[in-house]
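J.: Compute the structure for the input listed below.
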Amino acid sequence: MQIPGGRRQVHKEIILVELRKSFGSPCPTQSECLLQVTFEDCFAEPEGAHSADCVWKCAYKCFEGGKNLLYMILTFYCAIPLALWWGCLFAKVAFFHIWFITPSLALMEMNCGVMKKLFTIIMECFLGPCCSTMGLFFSNIKVENK
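T.: Next comes the predicted model:
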C-alpha cells in the first residue's frame, strides 16, 4: 500500500516520533517551531518523479550535515559576542525604563490630573451656565407631525 506523501513523509513522521520521545515535543516554544527547517520542506519531488533512494539519502545527509556544521561554526564564533551585545541592549532598555520612562510617566500622570481638575473647573464655570440655559431653552420646543 502506498502511503500519501511517499517515503519522505514516512521518514519525516519517524523523525517527529523520535523527537517527541526524546524531548516531549518537537518544538517546546513557538520560536523554535518557526526555526525548524527540514530537508523535506526545502526539497520535495512530485509523486511521479522520484530520484534513486541512494541519491535522496545522500542529499539528505549533505543538507543536514551542512546546516548543522554551519550552525556550529557560526555559533562558535558569534554566540558569545552576540549574547554580550543582546545582554547589554536589554540592560540599557531596562535602565531607561526604570530610571527615565516610569518616573516620566508618573510625573505626567500627576500633572495631567491637576490639568484635568483645572480644565473641569473652567468648563463648569464658563460653559456650564450657557449649556444649562440652552438646554432649558430647547427643551420647551415642541414638534408636531401633520
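J.: and the host helix or strand of residue 57, what other elements does it pack with?
T.: For residue 57, the element it lies in under DSSP states H and E is helix 53-96. Applying 3 or more Cβ pairs under 8 Å, 6 or more residues apart in numbering; DSSP states H and E, we find helix 53-96 packed against helix 6-23, helix 39-42. Where C-beta positions appear, they are placed from N, C-alpha and C, glycine not excepted.
J.: Recalculate using a threshold of 7 Å.
T.: Contact partners of helix 53-96 among helices and strands, from 3 or more Cβ pairs under 7 Å, 6 or more residues apart in numbering; DSSP states H and E: helix 39-42.
J.: The helix it packs on - what's its average pLDDT?
T.: For helix 39-42, mean pLDDT is 68.
J.: Just name the shakiest helix or strand of this structure by mean pLDDT.
T.: helix 6-23 (a mean of 53; mean pLDDT, DSSP states H and E).
J.: how far away is residue 141 from residue 102?
T.: Here the criterion is Cβ to Cβ, to the nearest Å. By it, residue 141 lies 53 Å from residue 102.
J.: quick one: which of these two has more around it?
T.: residue 102 (11 against 6; other Cβ atoms under 10 Å).
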